[in-house]
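*Asks:* Structure of the sequence below:
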Amino acid sequence: MEAYNVPMALDLTLSHTDGLVPALAMSRNRRHVHNARGHTIGPMPPAMFVDTFLPSENDKRETMMTFRNAFKAVPRTADTPSAIYKPLAAALNKKSPRRFRCPGFVFDTSIERSVRPLRLGYTKPHICCFTTANAKAVKRADNRTRVELGYAEFFIDVRPDPSFDFFIDPPIDANEETLSSHNFFREYREEDEDAEYDQAERAFGLHIAFVIETLARQNRTSLFTVSIFGPYARLYRWDREGCIITEAFDFHEHPDMLLEFFWRYSQASSIERGHDHTTMVAKPELEMLFRDAVRAHVRSQLGVEGPELDKAVGVHYERGHATVIKVYPQPLPETTEPDAPTLFVVSRPVVSPLSLEGRGTRGYWALHVDRGDIVFLKDTWRSWPGHELEGDILTSLNECYVRHVPRQGLHGLVPHDTITYKRTGTSNQLTQTNLFGRYDWVCRIDGKRIQRGPRRHYRMVTDAAGYNLKTLQGTEELLHATYDVFTAMRDALTKAARIHCDLSVGNIVLVKESGRDIRRGYLIDWEASTKVDSDGYAEHAGRVGTWDFMSIRMLNTRGDDKHRFEDDMESLFYVVLYSSLLYLPHSFCADDLTSFIKEIFRDTTQMLGITYGGGGKISNAMNRTYTRLVQFRSSGFQEWVNTIMDYFWPPINLKEQYKDMWDPARIDAYWAEFLQTQTLERDDRVVHEISNRGHYDRNSPPTTPGRQSDALATVRKRPLEVSDSEHTQRERKARAVEGEHSQPTRAARGHSATTPRRSERIRHQQQHTDKCFFSTLEIILEPSAATHAQFMVPKG
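*Replies:* Sure thing, here's the model as predicted:
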């Protein structure tokens, strides 16, 4: 039985879904549209789309209702979406005693179950298609939940007229030359203050957001959706390599095109509809075993009991939502059935995928059914052909006795079912969007032909079931855990000739080990790692890593530079600095902190079509522009930050003395001695908020904060508590004053009309940085004798 309505990861407050803040919906959706330009393929002929993805086999068409006058009651255009989606849903649900449009499925006007249907952060699809059984489950659920996306087979987005279509099809008689120059995406007309573009972009961004959330709330390999805009329709197929979109067609004049899709969908297997056959609902006895094992593991990791233990268990377990996942051993035979899988039980992930294209990674605490212990299960879509399998990398690190990396227990590619294997000839679950980039009907986007590479579904199990670095309890744990990570980095280099290449906050896990008061830091996610040559350079050139934590040198590469261990050292320093700014006590207010984070970690510059960064990091290295402005409460930590900065980029008065200090062995010696001689604060955690006011959607105010977990995150302010009755009254008042949704101004399209106040001190420092950075014509970042970067700035 398919596992529907999968829980999503919680934020640190344990009160909301992580990464889906309603107030940021507009800026988030605009980012989705921007990203879609790189992974959208179309327009595919509708008949080819249906024949390719829903092949007609053994259809029982004697029960199929006629196409004639199917949409007679649906208006071609309307003033509001409801004037179309209500009669459309009724037409699709129509049936006689022996004939159906989509047998076994129900079309529900789900938007009417939204508590705030006119607000981007709260609304739901106009129509969702459910199995008959799941439709009953949805009706029983609280309207304030988002179970519709957890149970939807697909959804239909409805807009009242053709101006909401974000795509422009080429002429029917277009030749190859016309197709090669035609731009499939609608373009913004700056001189016209293009309101039609705004509304079309808004609609498509919301469509993508629903897709992303549906893929996060279900175990799927792909998803179909439909968009209606006036009398026209498009069909979509989504997977982890992007989206394939059909030509627009008039479903009033050609009802057979739309109804054929719905009929074939009803006749398809769950696998053909995009469900992952290697997951299933866990039986009650397995769910109880999982719950008890999680409780025991949380108790061993956090040392909590009572209500705190219950809250901490909720990070990994939601009652009634346990799933069995099969992990198949690697290698898989290419021509025979895969080996027998090992079964694991999971519930709520600690990481949910919040973007469409990419690895789509989920991470779970999982119960090993055969052994009864808790392990960590990573479910991801990896590029193929590409790097080595991460499980093989971990095995090699384990065999070389690299310290503080997870022990690999089991890994393998996820196989197709037997029927799909026989039909397609592929033994593993693969994306399909990438297969269609070279067809002659494919149009360019922004002047470029879209080419995608395949991704294979992959799972890996390790023993490192711990907590994210974001849960650090204080200064002591931060510096000890990241020193453990530094040890892992050095071991990997010296024992296995490998560098990690992607140091980030999310790639460090804290694990409580027997006999230790401080949690151990483990370096995870080695998929981007690479071997190094005799000179210490990565085997392949190219920028790799998480942008916020990349080294200055890699942020300024044109793509032809190779990663070095020193880049990872610098990245680790930025991880420590970033974590300290968010979770340790210091002198910055929220606006100062927001400016600091933006300038140091998220700076970007476009030059000749290439994105560069690191302007704030360069300025700070040269002048301590930012780090000299912040004062940490811990004098020991302040000393560590200042010393590491001096070793990395010595000031003029220390240049000769520290010229050889940015060296792995010297950093190791200093750090180890520092931890042995310093008494650091153990429980000084403070959670600081980064202001996102400049990205707020004024039509989707933030939800009421809930109570935070004392076991995981101690925030130095009293959380606001709202009773159920008060919450209901606020919701009623909000719905009463919402009214119709006005079109956003240009300022509202992801940016506030009034820029939020920035720290004057940081602004003045940044003015100097900008002048320095933009006058730099060439940055020479070859490792010198002192192993830190050197610059050439032209005179004058």
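*Asks:* residues making contact with stretch 679-691?
*Replies:* Residues from elsewhere that reach stretch 679-691, judged by Cβ atoms under 8 Å, 6 or more residues apart in numbering: 12, 472-477, 479, 581-586, 588, 590-591, 593-594, 597, 633-634, 636-637, 713-716, 756. Any C-beta I mention is one placed from the backbone N, CA and C, and that applies to glycine too.
*Asks:* low pLDDT regions in the stretch 1-150 of the chain?
*Replies:* For the stretch 1-150 of the chain, applying pLDDT under 70 flags the ranges 1, 58-59.
*Asks:* dump the residue contacts of Arg76.
*Replies:* By Cβ under 8 Å, 6+ apart, the contact set of Arg76 is 230-231, 252.
*Asks:* In which helix or strand does the spatially closest residue to Phe588 that is not a sequence neighbour reside?
*Replies:* Setting aside the residues directly before and after it, Phe588 is nearest to Val630 in space (Cβ to Cβ, 6 or more residues apart in numbering), at 5.6 Å. Remark: Val630 resides in no helix or strand, with elements defined by DSSP states H and E.
*Asks:* Do I have it right that Asn434 meets Glu241?
*Replies:* Yes: checked against Cβ atoms under 8 Å, the pair Asn434 and Glu241 is within contact range at 4.9 Å.
*Asks:* mind listing the strands in the stretch 501-650 of the chain by residue range?
*Replies:* Residue ranges of the strands in the stretch 501-650 of the chain, as given by DSSP state E, counting those that start in this stretch, are 508-511, 520-523, 530-531, 537-541, 562-564, 604-607, 610-613.
*Asks:* so can I have JSON lines of the ones you listed showing mean neighbour count and mean pLDDT?
*Replies:* Formatted as JSON lines, those follow (neighbours: other Cβ atoms under 10 Å; pLDDT from 0 to 100):
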{"stretch": "strand 508-511", "mean neighbour count": "25", "mean pLDDT": "98"}
{"stretch": "strand 520-523", "mean neighbour count": "24", "mean pLDDT": "98"}
{"stretch": "strand 530-531", "mean neighbour count": "18", "mean pLDDT": "96"}
{"stretch": "strand 537-541", "mean neighbour count": "15", "mean pLDDT": "91"}
{"stretch": "strand 562-564", "mean neighbour count": "24", "mean pLDDT": "95"}
{"stretch": "strand 604-607", "mean neighbour count": "11", "mean pLDDT": "82"}
{"stretch": "strand 610-613", "mean neighbour count": "15", "mean pLDDT": "85"}
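*Asks:* closest one to Ala36 among these?
*Replies:* strand 610-613 (17.8 Å; Cβ to Cβ).
*Asks:* ok so, going back, if I look at Asn434 and Glu241, which residues touch both of them?
*Replies:* Residues touching both Asn434 and Glu241 (Cβ under 8 Å, 6+ apart) are 452-455.
*Asks:* For those residues, which single residue is the most surrounded?
*Replies:* Sorting those by how many neighbours each has (other Cβ atoms under 10 Å) puts Arg455 first, at 24 neighbours.
*Asks:* bridging residues for the closest residue to that residue other than its chain neighbours?
*Replies:* Counting by Cβ to Cβ, 6+ apart, Arg455 lies nearest to Trp381, which is 4.1 Å off, once chain neighbours are set aside. Beta-bridge partners for Trp381, by DSSP bridges, are His457.
*Asks:* which residues touch Trp381?
*Replies:* Taking Cβ under 8 Å, 6+ apart, one finds 240, 358-361, 431, 455-458 in contact with Trp381.
*Asks:* Please repeat the previous calculation with a cut-off of 6 Å.
*Replies:* Residues counted as contacts of Trp381 (Cβ atoms under 6 Å, 6 or more residues apart in numbering) are 240, 359-360, 455, 457.
*Asks:* Mind picking the two most distant members of those?
*Replies:* Within the contacts of Trp381, Arg359 and His457 form the most distant pair, 10.2 Å apart (Cβ to Cβ).
*Asks:* Compare the two (neighbour count), which wins?
*Replies:* His457 (22 against 18).
*Asks:* how about the more buried one, what does it touch?
*Replies:* Neighbours of His457 in contact, by Cβ under 6 Å, 6+ apart: 381, 414, 429.
*Asks:* Now the second one. Nearest residue, chain neighbours left out?
*Replies:* Sequence neighbours aside, His457 is the residue nearest to Val414 in space, at 3.9 Å (criterion: Cβ to Cβ, 6+ apart).
*Asks:* Which of the contacts of His457 sits closest to Arg403?
*Replies:* Trp381 (29.9 Å).
*Asks:* Look at Ile208 and say how many residues are nearby.
*Replies:* By other Cβ under 10 Å, 23 other residues sit near Ile208.
*Asks:* sorry, back to before: out of Asn434 and Glu241, which sits in the busier spot?
*Replies:* When neighbours are counted by other Cβ under 10 Å, Asn434 and Glu241 differ, and Glu241 comes out ahead with 25 against 20.
*Asks:* Which parts of the stretch 201-350 of the chain are helices?
*Replies:* Secondary structure of the stretch 201-350 of the chain by DSSP state H, counting those that start in this stretch: the helices cover 255-267, 284-302, 306-313.
*Asks:* Which other helices and strands does the longest one contact?
*Replies:* It refers to helix 284-302. Applying 3 or more Cβ pairs under 6 Å, 6 or more residues apart in numbering; DSSP states H and E, one finds that helix 284-302 makes contact with helix 306-313.
*Asks:* Point out the other helices and strands that the helix it packs on packs with.
*Replies:* Going by 3+ Cβ pairs under 6 Å, 6+ apart, helix 306-313 lies up against helix 284-302.
*Asks:* Could I get the average pLDDT for the helix it packs on?
*Replies:* On average, the pLDDT along helix 284-302 is 97.
*Asks:* Distance from that helix to the middle of the chain?
*Replies:* Distance of helix 284-302 from its chain centroid, counting by Cα atoms, centre = their mean, to the nearest Å, is 27 Å.
*Asks:* just the angle between it and helix 306-313, please?
*Replies:* Inter-element angle recorded for helix 284-302 and helix 306-313: 110 degrees (by axes from the mean of the first three to the mean of the last three Cα atoms, to 10 degrees).
*Asks:* For helix 284-302, buried residues please.
*Replies:* 286-287, 289-291, 293-295, 297-298, 301-302 (16 or more other Cβ atoms under 10 Å).
*Asks:* who touches that helix?
*Replies:* Outside helix 284-302, the residues that touch it by Cβ under 6 Å, 6+ apart are 312-313, 316-317, 322, 345, 367, 374, 512, 711.
*Asks:* what about the helices in the stretch 551-700 of the chain?
*Replies:* 552-555, 565-583, 590-601, 615-623, 635-648, 664-677.
*Asks:* Pro341 is nearest to which of those?
*Replies:* Minimum separation from Pro341 across the helices of the stretch 551-700 of the chain (Cβ to Cβ) falls at helix 565-583, 35.2 Å.
*Asks:* average pLDDT across that closest one?
*Replies:* Across helix 565-583, pLDDT averages out at 97.
*Asks:* that older thread, take the contacts of His457 and lay them out in JSON lines including distance to Asn175 and pLDDT.
*Replies:* Shown next, in JSON lines, are those (distance: Cβ to Cβ, whole Å; pLDDT from 0 to 100):
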{"residue": "Trp381", "distance to Asn175": "37", "pLDDT": "95"}
{"residue": "Val414", "distance to Asn175": "42", "pLDDT": "94"}
{"residue": "Gln429", "distance to Asn175": "38", "pLDDT": "93"}
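*Asks:* ok so, going back, what would the helices of the stretch 551-700 of the chain look like in TSV with mean neighbour count and distance to Ala36?
*Replies:* Formatted as TSV, those follow (neighbours: other Cβ atoms under 10 Å; distance: least, Cβ to Cβ, whole Å):
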stretch	mean neighbour count	distance to Ala36
helix 552-555	23	25
helix 565-583	23	29
helix 590-601	21	25
helix 615-623	21	28
helix 635-648	18	39
helix 664-677	14	42
